[in-house]
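**Q** Predicted model follows, preceded by the sequence.
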Amino acid sequence: MRSLGLFQFLLGCAVPFLGTIDRVGAVVSNPKPTPFTDFTDYIFFYPPADAVSWKTLYARSLQLPDESLLMTWENYPAEPPLVNHPIFKSVDGGSTWTNFSAIQDQVNGWGMRFQPFLFTLPQAMGRYAAGTILAAGVSTPKSLTGGVYIDLYASTDNAATWNFVSHVAYGAGPETTATGDAALWEPFLMVYNNQLVCFFSDQRDPAHSQKLSHVTTTDLVNWSAAVDDVAYANVGDRPGMTTVAHIESTNRYIMTYEYCGSGGCAVYYRTASSPLEFNSATGIALRSNGTSKRVPVSSPNVIWTKHPNRTDGSGLILAGAANEGAVYVNEDAADPAGWKLVDVGQWAAYSRSMRIVTIKGNKKLLFGNGGNMGNPAYNSVACGVTEIPT
């Protein structure tokens, strides 16, 4: 959803730590890092003074074959012109970022407004070759009325230019979190069994304030009917913000989501042998082990990576949430008692993203921060590159 999980959390709790605060309440960036080194909490984009709403949110990253990095986010400049999803690029490991391109609404006249997601197509599909970069995002009018699309765009020149491909899903709106409003949120893309799968948060079913759904395509143009992934019996419950990772060592899949409503926006996860069958799996509340028993809340993110210190093919599951700067680390079995909390030194953020990248041939963990849903003065875009936590 335009997940209000963190916002609801903030109403009853202290604002999550965001770094050093200056005298006027803004976050102070760490110094610009030396190229191709590890660093944390580096702000590389400050929104303009007349930016509205949350300024920035929801940063998402991608790496190109030449090891350059891309970052996009929800952007809130004063309109007109129509809002878009900017693409910034770094060719020095995250030290320097330049304004490279933008994913602009080419068909609706509404703007690209919410929740961008970047994905590299790993195989040819339809008329698109392997290596094509895809971008999914939510297009809806500034008024949030009149309809909403999850739209798919493609780039065949490494994100320099973008072209509209298809409408993934449509809702009549309004694009709000009110029960009964037919809104759509938070696309997440992956390829499974020669299909492109788009997961998203879905308010179109009157039996559910919100549920999680997916659609599939084999040509990037024609999409299937929506299939449920998580749908609770209580009409007021709002599972949201799907992310999925493939646990390669076991050939299983893990989904994380926030469980708002009865779940209090706590982070839950499910595992399944197919990413199309999460609805038959059991939701498990994620908790840290040891004595702390930390509870992650709101806008989770999950990835899998091969273990950096092993050669047996085993790996690690890494998960995060909006109320926690640290990373939750688990082994491949996703044991509910196996989540270890590891401090990585990177600020918390609303839907903070994680991606395994290669920096000068070395595997690293890239963070993308697009601010929080608390005080908008905090909401610049920051990144970090760290060793993979174990």
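**A** Nice, thanks for sending it over.

**Q** Please count neighbours and contacts with C-alpha atoms only from this point.
**A** OK.

**Q** By mean pLDDT, point me to the weakest helix or strand of the protein.
**A** helix 5-12 (a mean of 41; mean pLDDT, DSSP states H and E).

**Q** Okay, and Asn372 sits in which element?
**A** Using DSSP states H and E, Asn372 sits within no helix or strand.

**Q** thought it was touching Tyr378?
**A** Yes. Using CA atoms under 8 Å, Asn372 is in contact with Tyr378, at 7.1 Å.

**Q** More neighbours: which of the two?
**A** Asn372 (29 against 23; other CA atoms under 10 Å).

**Q** nearest spatial neighbour of Asp151, skipping sequence neighbours?
**A** Residue nearest to Asp151 in three dimensions, not counting chain neighbours: His167, with 4.6 Å by CA to CA, 6 or more residues apart in numbering.

**Q** before we move on, back to that, need the next SSE after the least confident helix or strand of the chain, C-terminal direction.
**A** strand 39-45.

**Q** ok, back up a step: what count of nearby residues applies to the residue nearest to Asp151?
**A** Close neighbours of His167, defined as other CA under 10 Å, add up to 19.

**Q** which residues does Thr271 bridge with?
**A** Going by DSSP bridges, Thr271 is paired in beta bridges with Ile254.

**Q** What is the neighbour count of it?
**A** Burial of Thr271 is recorded as 24 neighbouring residues (other CA under 10 Å).

**Q** swap in Val28?
**A** Val28: 15 surrounding residues under other CA under 10 Å.

**Q** wait, what's in contact with the nearest residue to it once chain neighbours are set aside?
**A** Nearest residue to Val28, sequence neighbours excluded (CA to CA, 6+ apart): Thr20, at 5.3 Å. Thr20 sits next to Val27, Val28, Ser29 when contact means CA atoms under 8 Å, 6 or more residues apart in numbering.

**Q** got it, and Thr271?
**A** Contact analysis of Thr271 by CA under 8 Å, 6+ apart lists Arg252, Tyr253, Ile254, Met255, Phe278, Ala281, Thr282, Ala334.

**Q** And it, how close does it get to Arg310?
**A** 23 Å (CA to CA, to the nearest Å).

**Q** Same check on Ala281?
**A** 30 Å.

**Q** Looking at those two, which has the bigger crowd around it?
**A** Taking other CA under 10 Å, Ala281 and Arg310 do not tie; Ala281 has more neighbours (14 against 9).

**Q** Per-residue pLDDT of the more buried one, please?
**A** At Ala281, the predicted lDDT confidence score is 98.

**Q** Quick check: it touching Ser274?
**A** No. Ala281 lies out of contact with Ser274 (CA under 8 Å); the separation is 10.3 Å.

**Q** Fine, thanks again, bye for now.
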